[in-house]
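> Sequence first, predicted coordinates after that:
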Amino acid sequence: MSDIDIKGTLNTPTILFKEANNYLLIEGRSTIEDPIIFYKPLISKLKNVIKSSSGKMEIDFKLEYFNTTSSLAILDVLRHLQSLNTVTNEVVINWHHNADDDDILEIGEDYSTILKFPFNIISN
């Protein structure tokens, strides 16, 4: 069992995955040129977790901004998280946004609709 702990930069989000606690945090900005490479270790980890996980998993998305190329990679992450939601696993996605940031709010609502998976939309 190994965790992921990637410190955020001006262009990359913090990613903290605590496998023993079934907790994932993605926070900050994602304006990466090639987000598929950046998010690949997380997606690989989620694929492994899908095979062995049970219980409740909580995910906090606290993104303040992400570019179009990152949005597709984030959607891919969300699809993998959605596939974790089974009879033996409960996945809870908390989509945080600043109270005055309608863009991030709408994107969270759009992702929830696209995936047909309810998010907890949290205004900070």
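Perfect, thanks for sending it. Residues are numbered from 1 along each chain as shown.
> From now on I want contacts and neighbour counts done on CA atoms only, so please keep to that.
OK.
> what packs against the strand or helix carrying Arg79?
Assessed by DSSP states H and E, Arg79 sits inside helix 68-84. Under the contact criterion of 3 or more C-alpha pairs under 8 Å, 6 or more residues apart in numbering; DSSP states H and E, helix 68-84 touches helix 35-52, strand 89-97, helix 102-115.
> Compare those and give me the one nearest Ser70.
Nearest of the helices and strands packed on helix 68-84 to Ser70, taken as C-alpha to C-alpha: helix 35-52 at 5.5 Å.
> Against which helices or strands is the following helix or strand past that closest one packed?
Following helix 35-52 in sequence order, the next helix or strand is strand 55-66 (DSSP H and E). Strand 55-66 sits against strand 23-30, strand 89-97, helix 102-115, with contacts defined as 3+ C-alpha pairs under 8 Å, 6+ apart.
> Just list what the lowest-mean-pLDDT helix or strand in the chain packs against, helices and strands only.
Least confident helix or strand, the chain: helix 35-52 with a mean of 84, by mean pLDDT, DSSP states H and E. Applying 3+ C-alpha pairs under 8 Å, 6+ apart, we find helix 35-52 packed against helix 68-84.
> now the helix it packs on against strand 23-30, angle please.
Orientation check (axes from the mean of the first three to the mean of the last three C-alpha atoms, to 10 degrees): helix 68-84 against strand 23-30 gives 170 degrees.
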